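S.K.: got a predicted structure here, sequence first:
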Amino acid sequence: MGFLGKGLFQGMAVTARNFVGTYFDRGTREKLVTYQYPEEKPPLPENSRSFPFLVYDGTPDAMRCVACKICETECPPQCIYIVMDRDEKGKPQQRPKVFDIDISVCMQCQICVEVCPFEAIKMDNDYEKSQYGRFDDLIEHLPDLLKSNEYYNEIKPTEAKAVDAKLKAEAEKKAKKGTSKPAAAAPAKPAAPAPAPKPATAPAGKITIPEDAPFTAEQRAWLAGFLSAGGVATSGTGVSPVAVAETTGETPVPLPEATPAAEAPAGGWPWHDPGLGMSQRMDLVKAAPLADKLMAAMAQTDCHACGYDCRGYADAIAAGSETDLSLCLPGEAETAKKLEELMKEAGKL
Amino acid sequence: METIYQLIAGWFAGKPEWLPLAIAIAVPILFIVGVYPAIFAYTTLVERKALGRVQNRYGPNRVGRWGILQPLADGLKLLTKEDIVPRDADKFTHFLAPVIAVIPSVLLFAIVPIAPGLVPVNLNIGILFAFAISTASVLALFMGGWASRNKFSLLGAMRAVAQVVSYEVPMVLAAVAVVMAAGSLSTLDIVKAQTRGGLEIAGWFVFQPWGFVGFVLFAIGAMAESARTPFDIPEAESEIIAGYHTEYSGFKFALFQLGEYLAAIAMAGITVTMFLGGYLGPGIHIPYIGGFIAAFWFFLKLGCMILLNIWIRGTWPRVRVDQLMGFAWKVLLPMSILNIAVVGLWHFMGNKVLAWGVTAAILGLAFVILAKISAAGNIEKRTYRYAN
Amino acid sequence: MDYAFWTISGITVLGALLAVTLRNLVHCVLSLILFFLGIAAHYFLLRADFIGAVQILIYIGAVAVLILFAIMLTRNVTGEAGPQEVVGVKWWIGSLCAALTAGLISFAVRADSVAETLSPGPKATVAVADIGKGFVGNWIVPFEAMAVLLTAALIGAVVIALEEVRNRR
């Protein structure tokens, strides 16, 4: 039966149902959808993320971070600041002394997580970070950042399980390798294929500029950096190798015992630049001695995961005192492969 | 007023002559400026909570338990806000408008009876006075809109004026039917006319066919007159920001809101008086406490009307500007004129049961015909320029 | 009662004077409304409640609003572009006419003996019922004539509006 104004009364019935329904909605949130925020919080989806945190196993001392500074380099808005810890003699300790993240700058892009070869930095989902101060209060220091692996498993079970499995596989492999020393021959892929769903470090060399494009070498290098950095040109990265050499002196805390620039071949070092692919780095060291070539193949972050700094590792391999070519963790499989290739070329393998 | 004077005149036998008179005048005034603004304050809270529930959320519930201190917080906030007057505004008129917005709304309560014999002023022209005063409220809207020197304000003012002038006609004509049936303009007499055979409920005008039609017409007119949804086009947020009070802030804005809500509450009170039997209800003749029971019935009915207003606000969409005038002149006006004729018929038919049937049939037929006509005229097949 | 009379009279005269002397048209109308209110207050003072309410309803609710509507559709609301002179030859002619009219009315009122006999006492209230009975009793013919006149005006307005609508199409 239709009559003029019927729809008006149907509408009134709907609103009346909603009105009454809200008083009988016991937590189903069918009729009463509000979460009263500070008291009630809506469940977060597992993939939600806020700001990065650092994972430790067991105790906060056993943090996974080795202060390799890859994340610091890769971070598009440059919000990470790392200083490596050293003992009294100045020996690098493979852990950060200072690890700051400025969450007023962080854009929650997760790139630091994706580039970290040690599964040390992960995205948190704690979004209640507001502070009263605009500057210092918004910088998270190492103690604030450190959270246990259990916490990680709690907030992101699926991802954490995959990461744990990967780390376990790596540890087993390492243990096996340790027993079959000196198995310098055929250092296959250092890590088992990661079951983690995340992609590995974005291969920088993949973005190619056509050969016939009207660029000078310098522009080309800059463009490569620009493209691989995802369109975010940041100081220190994505500029020409020469510029990099100049800016390395400006990194927050230059390592005092870092190999002096005088030893570097023409063009300076390091070439670790997310804009420079392996082949481009190799081009730059075509005429250089073997040790430089080897170093160019590495990630050049001085992360000390191998037990040397990068220069030392390269020299040791070149001198034959180190036979394990798979020690460069930041460089991952690409570096290991290239090192093997270079050694074969030089006839030392 | 007179009732109070008679009541207390004896108590002040030895005192100066003017004292009981002054008290008799002061008490209703204090009642009006004390009780109704309090009702306004809690109407805003109830409205926000009810609208919230209608929209599947809690309303305000942070200030005090169940948010009962929310009106206080709102008032304090508005009091402490900066009062901004646009540079090009007509300063004096801009200042005067919110003041004038409140006056007619408060005056309206003067003729609303809350218990037998208890009406602030028993005017023998009661209903006419209400209409005269409520018309004046449009001036405030115009002054505010014009003085702000803002095109949205001016548009809002023009809409307000056009709407109030148009909807006043069917509203007054709907009231004329009641006045005819009651034989008086006095609100007390109108309430008394709604008793029948000793029963306090059966005689309400809303239970007569013409009374029901009049009730609907009057309620629509009252809603339009006080610019409440679905007739809030003078302050349609999505079209003209806030209409005539776009350029008002702080306490001037609060005064506009106060005037608007008081007008809506007063109109609800007049609707109750004219159609829902005013203070009539079971138990009003009990000695001593009958007056309180009557006041209880009146405020209960008033609350129901306010809730109906809120419910409608939470449900119905805003009337389109071009449909607004057509609805007033082509649907409400013919219906209200017919209603007057039907009341005459009702008055002269002896058998009220037969009269009930006949008048219901006439009005029902008229509604169907009007619906057919307006549906034929209004609903066109919509054509879309790009979507088809 | 005298104080009330003089106060209200003062406000009324002030409203009337402002209505003709102010330059801004909207201010003029608002002053005119003040004047209408004063007249209504006079009616209330004379215990003519019905006439007072009707005065507000018709003059403020309808006439003033109509004037406001007309003003809102005009330009030059502030009156700055028009002639700046208020007191001129026309003003004197107008004043003369007004004074003559006022004198005529007062003469007529004074000359009419009915005015004296009918002057209401302070307690005499003009009942609505009496006015209604007067309309449909003694004065039915003028009342109906007025009704016909207004209806004719209404129909005329509709015809003119329809003409415009047709032209637009």
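M.R.: Looks like it arrived, so ask away.
S.K.: from the stretch 51-200 of chain A, which residue is nearest to chain C?
M.R.: Using C-beta to the nearest C-beta, the point where the stretch 51-200 of chain A gets nearest to chain C is A:Arg134, with a distance of 49.0 Å. The C-beta positions use only the backbone N, C-alpha and C, and glycine is treated the same way.
S.K.: could you give the number of residues near that residue?
M.R.: For A:Arg134, the count of nearby residues is 8 (other C-beta atoms under 10 Å in any protein chain shown).
S.K.: over to A:Ala336?
M.R.: Burial measure for A:Ala336: 23 neighbouring residues, criterion other C-beta under 10 Å.
S.K.: quick check, pLDDT for it.
M.R.: Looking at A:Ala336, its pLDDT is 81.
S.K.: ok, B:Pro86 next?
M.R.: Note on B:Pro86: pLDDT of 85.
S.K.: tell me the secondary structure for the residue of the stretch 51-200 of chain A closest to chain C?
M.R.: Per DSSP: H, G, I helix; E, B strand; the rest coil, the secondary structure class of A:Arg134 is coil.
S.K.: that one reaches A:Ser104, doesn't it?
M.R.: Yes - if you go by C-beta atoms under 8 Å, A:Arg134 and A:Ser104 touch, sitting 7.3 Å apart.
S.K.: in chain A, mark out all the strands, start to finish.
M.R.: A:52-56, A:80-86, A:92-102, A:121-123, A:139-140, A:146-148 (DSSP state E).
S.K.: for those, which one sits closest to B:Val54?
M.R.: Closest of the strands of chain A to B:Val54 is strand A:121-123, at 39.3 Å (criterion: C-beta to C-beta).
S.K.: buried stuff in the closest one?
M.R.: When burial is assessed from 16 or more other C-beta atoms under 10 Å in any protein chain shown, strand A:121-123 yields the following buried residues: A:121-123.
S.K.: which residues are contacting stretch C:28-38?
M.R.: By C-beta atoms under 8 Å, 6 or more residues apart in numbering or on different chains, the residues outside stretch C:28-38 that reach it are B:93, B:139, B:143, C:8-9, C:11-16, C:18-20, C:22, C:55-56, C:59-60, C:63-64, C:67-68, C:71.
S.K.: helices along the stretch 201-349 of chain A, start to end?
M.R.: Assigned by DSSP state H, counting those that start in this stretch, the stretch 201-349 of chain A shows helices spanning A:217-228, A:241-248, A:278-284, A:290-297, A:310-319, A:332-345.
S.K.: thinking again about what came up before, tell me which residues touch the residue of the stretch 51-200 of chain A closest to chain C, please.
M.R.: A:Ser104.
S.K.: hmm, back to that, restricted to helices, list the contacts of stretch C:28-38.
M.R.: Within the contacts of stretch C:28-38, membership in helices is found for B:93, B:139, B:143, C:8-9, C:11-16, C:18-20, C:55, C:67-68, C:71, as judged by DSSP state H.
S.K.: about what we covered before: out of the contacts of stretch C:28-38, which end up buried?
M.R.: Burial by neighbour count, 16+ other C-beta under 10 Å: within those this picks out B:93, B:139, B:143, C:8, C:12, C:15-16, C:18-19, C:22, C:55-56, C:59-60, C:64, C:67-68.
S.K.: so where's the stretch 201-350 of chain B shaky on pLDDT?
M.R.: Low-confidence segments of the stretch 201-350 of chain B, defined by pLDDT under 70: B:201.
S.K.: now do the stretch 51-200 of chain B
M.R.: Counting by pLDDT under 70, the stretch 51-200 of chain B contains low-confidence ranges at B:197-200.
S.K.: then chain C?
M.R.: In the predicted model, chain C carries pLDDT under 70 at residues C:1, C:75-87, C:112-126, C:169.
S.K.: again, but for chain A
M.R.: In the prediction, chain A carries residues with pLDDT under 70 at positions A:1-4, A:177-214, A:224-275, A:349.
S.K.: and the helix or strand that contains B:Gly303, what does it pack onto?
M.R.: Here B:Gly303 sits within helix B:290-315, counting by DSSP states H and E. When contacts are defined as 3 or more C-beta pairs under 8 Å, 6 or more residues apart in numbering or on different chains; DSSP states H and E, helix B:290-315 sits against helix A:6-23, helix B:18-54, helix B:209-225, helix B:250-275.
S.K.: burial check on the residue nearest to B:Leu139 when sequence neighbours are not counted, number of neighbours?
M.R.: In space, and not counting its chain neighbours, B:Leu139 is closest to B:Ile100: 6.1 Å by C-beta to C-beta, 6 or more residues apart in numbering or on different chains. Residue crowding around B:Ile100 was assessed by other C-beta under 10 Å; the count is 21.
S.K.: B:Ile100 and B:Phe142 touch, don't they?
M.R.: No - the pair formed by B:Ile100 and B:Phe142 falls short of the contact definition of C-beta under 8 Å, at 9.8 Å.
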